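A.B. asks: fold the following.
(one chain, ligands or ions: 2)
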Amino acid sequence: MRMKISRLVGGLEPSATLAMSAKAKELKASGRQILDLSVGEPDFPTPWHICEAAIAAMKAGHTRYTVASGIPELKQAVVADYKRRYGLDYSPSQVVISNGAKHAIHNALAAVLDPDDEVIIPAPYWVSYSELVKLTGAKPVIVNTREENQFKLLPEEFRRAITPKTKLLLLCSPCNPTGTTYTREEAERLADIVLEHDLLVLADEIYDQLVYDGLPFASFPTLRPELQERTIVINGVSKTYAMTGWRIGWSLSPAHVATAMGDLQSQETSNPCSISQYAALAALNGPQECVAEMRTEFARRRDYVRQRLAAIPKVSFPEMTGAFYAFVNISAYLGKSYNGKIINNTADWCLEFLAKEGVATVMGSAFGAEGYVRLSFAASMEALEEALNRFEKFLLSAK
Ligand code: PMP
Ligand code: GLU
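C.D. replies: Ligands and ions are numbered 1, 2, ... in the order given. Alright, predicted model coming up:
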């Protein structure tokens with residue numbers, strides 16, 4: 001007898017970003033030298049004062065269950081962070097600390113969506129959004145945006161997608177995978193439509209501290225006074241403090257929604273790791289120079305990647321204002337022969353590129369944008385230089 005997988009889980013795609021990174025790790029383990037530009041994860045070590053706080057937490061005996069929704073000190077630190085950086089007023093009862101931002105997104109969607117609700121997701125979108133929406137029984141409504149508009153959702157595109165079933169807009173800025181960031185004015189135009197149609201917003205702001213060229217970032221609830229009560233903000237330590245493995249993320253939401261998420265979490269995972277919570281506390285309350293240093297280094301790499309890509313004929317890419325991704329249009333190089341093998345789509349292209357050149361990237365199709373390849377520049381300059389040499393060489397080998 002073969003167990004049958006449920007309809008909901010059987011219908012999910014595995015995370016393509018994690019799958020490509022697993023493939024890269026597998027090839028590395030087999031002895032090949034692989035340049036991994038697939039997964040979006042800072043290559044810096046977690047700053048040492050944060051690691052020391054984790055050691056101190058263990059020594060102090062913080063090795064037991066905590067409140068399921070997170071320790072009060074960390075909730076308070078999250079509140080203080082959004083107050084300091086955005087002037088927003090939240091109370092600790094509006095914060096839920098979860099096992100990474102991905103888990104916070106899952107909690108948020110599970111807390112507010114009912115089957116048959118529609119969720120508007122601008123494409124290209126981060127791989128997990130559509131699947132986490134599906135897991136609630138709600139329906140992802142994918143709205144294609146255009147490269148010439150920097151892949152930002154235009155007000156008219158947003159309006160056209162709204163139906164009586166629309167419940168929520170899922171917005172990621174700075175955006176994974178496109179690397180673009182909404183200006184305050186652009187986001188305000190979307191915010192007005194949200195208010196007009198009485199919608200909710202899930203604002204994924206996990207890259208809000210990785211915005212370049214001194215551009216300001218407008219947190220979604222700051223756009224209009226009425227937005228705080230209809231927005232769930234997602235953030236966490238993974239990207240800002242190079243803490244992907246520690247698995248701490250959070251949400252800020254209306255208190256009754258936070259209570260619902262906390263209740264859900266108390267049944268499904270209990271608290272996120274107690275030690276990681278104390279480390280995250282040190283990240284938020286400790287010196288912030290490390291954030292600026294990492295941002296400066298990412299900006300330097302961004303400049304390099306942009307300059308290298310601009311020199312490759314017939315590729316294009318949106319502005320690279322935030323996060324650490326280049327989203328490259330390689331459609332002119334599809335339907336061509338690579339060493340006698342015709343490659344028609346980016347999934348095959350990325351696999352062939354990995355097999356032949358040893359560079360891991362992620363296919364645009366995983367983000368709802370065929371024709372594009374995502375390169376993460378959260379890698380060393382040496383790795384980027386060599387990976388881009390191979391990227392260019394492989395593209396130009398197409399006949
Ligand atoms: N949102 C976006 C847009 C991301 O790129 C990521 C990266 N993993 C996450 C959420 C989840 O982050 P975490 O590692 O904290 O779960
Ligand atoms: N968010 C990162 C990425 O897009 C990490 C992988 C994941 O969580 O899917 O590559």
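A.B. asks: what about the helices in the stretch 151-300 of the chain?
C.D. replies: For the stretch 151-300 of the chain, the helices defined by DSSP state H, counting those that start in this stretch cover 155-161, 184-196, 255-268, 274-285, 289-310.
A.B. asks: same for the first one, what does it pack against?
C.D. replies: This points to helix 155-161. Here helix 155-161 touches strand 118-123, strand 139-144, helix 184-196, going by 3 or more CB pairs under 8 Å, 6 or more residues apart in numbering; DSSP states H and E. (C-beta placed from N, C-alpha, C; glycine too.)
A.B. asks: can you tell me what sits against it?
C.D. replies: Residues outside helix 155-161 that contact it (CB atoms under 8 Å, 6 or more residues apart in numbering): 120, 122, 141, 143, 144, 145, 169, 189, 190, 192, 193.
A.B. asks: only whichever of those residues are buried, select them in PyMOL.
C.D. replies: Remark: buried members of these, expressed as a PyMOL selection using 16 or more other CB atoms under 10 Å:
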select buried, resi 120+122+141+143+145+169+189+190+193
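A.B. asks: farthest-separated two in the contacts of helix 155-161?
C.D. replies: Greatest spatial distance in those: 144 and 192, 21.8 Å, computed using CB to CB.
A.B. asks: interface residues of the chain facing ligand 2?
C.D. replies: Contact residues, the chain versus ligand 2 (CB under 6 Å from any ligand atom): 15, 17, 18, 39, 40, 41, 102, 126, 127, 128, 176.
A.B. asks: how about the helix or strand hosting the second one: buried residues?
C.D. replies: In the assignment (DSSP states H and E), residue 17 maps to helix 16-29. By neighbour count, with 16+ other CB under 10 Å as the criterion, the buried positions of helix 16-29 are 16, 17, 19, 20, 21, 23, 24, 27.
A.B. asks: now swap in stretch 98-116 and tell me
C.D. replies: Quick answer for stretch 98-116 (16+ other CB under 10 Å): 98-113.
A.B. asks: how about the residue nearest to residue 372 when sequence neighbours are not counted, phi and psi?
C.D. replies: Closest residue in space to residue 372, ignoring its immediate chain neighbours: residue 364 at 3.1 Å, by CB to CB, 6 or more residues apart in numbering. Main-chain dihedrals, residue 364, degrees, to the nearest 10: phi -60, psi -30.
A.B. asks: residue 364 is in contact with residue 124, isn't it?
C.D. replies: Yes - taking contacts as CB atoms under 8 Å, residue 364 lies within contact range of residue 124: 6.7 Å.
A.B. asks: who's more crowded, these two?
C.D. replies: Taking neighbours as other CB atoms under 10 Å, residue 364 and residue 124 compare with residue 124 leading, 29 against 26.
A.B. asks: my guess is the more buried one contacts residue 373. True?
C.D. replies: No - at 11.4 Å, residue 124 does not count as touching residue 373 under the criterion of CB under 8 Å.
A.B. asks: tell me, what's touching the two both at once?
C.D. replies: If you check residue 124 and residue 373 against CB under 8 Å, 6+ apart, the residues they both contact are 327, 364.
A.B. asks: for stretch 207-217, list the C-alpha coordinates in CSV.
C.D. replies: Presented in CSV, the C-alpha positions along stretch 207-217 are these (Å, rounded to 0.1, in the frame of the first residue of the first chain):
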residue,chain,number,x,y,z
TYR,A,207,15.3,43.4,2.8
ASP,A,208,14.5,46.8,4.1
GLN,A,209,18.0,47.5,5.4
LEU,A,210,19.5,46.4,2.1
VAL,A,211,18.6,49.4,0.0
TYR,A,212,21.5,51.1,-2.0
ASP,A,213,22.5,54.6,-3.2
GLY,A,214,21.1,56.2,0.0
LEU,A,215,17.5,55.7,-1.3
PRO,A,216,14.9,56.0,1.4
PHE,A,217,12.7,53.1,2.1
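A.B. asks: what about it, distance to the chain center?
C.D. replies: Distance of stretch 207-217 from its chain centroid, counting by CA atoms, centre = their mean, to the nearest Å, is 15 Å.
A.B. asks: what about it, average pLDDT?
C.D. replies: In this model, stretch 207-217 has an average pLDDT of 97.
A.B. asks: can you tell me which of the helices of the stretch 151-300 of the chain is most buried?
C.D. replies: Mean neighbour count, computed with mean count of other CB atoms under 10 Å, is highest for helix 274-285 among the helices of the stretch 151-300 of the chain, reaching a mean of 23.
A.B. asks: may I have it as CSV, with CA atoms only?
C.D. replies: Below are the C-alpha coordinates for helix 274-285, written out as CSV (Å, rounded to 0.1, in the frame of the first residue of the first chain):
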residue,chain,number,x,y,z
SER,A,274,15.2,30.1,22.7
ILE,A,275,19.0,30.6,22.1
SER,A,276,18.4,32.1,18.7
GLN,A,277,15.9,34.5,20.2
TYR,A,278,18.5,35.9,22.6
ALA,A,279,20.9,36.2,19.6
ALA,A,280,18.3,38.1,17.7
LEU,A,281,17.8,40.4,20.7
ALA,A,282,21.5,41.2,20.7
ALA,A,283,21.3,41.8,16.9
LEU,A,284,18.6,44.4,17.4
ASN,A,285,19.8,46.0,20.6
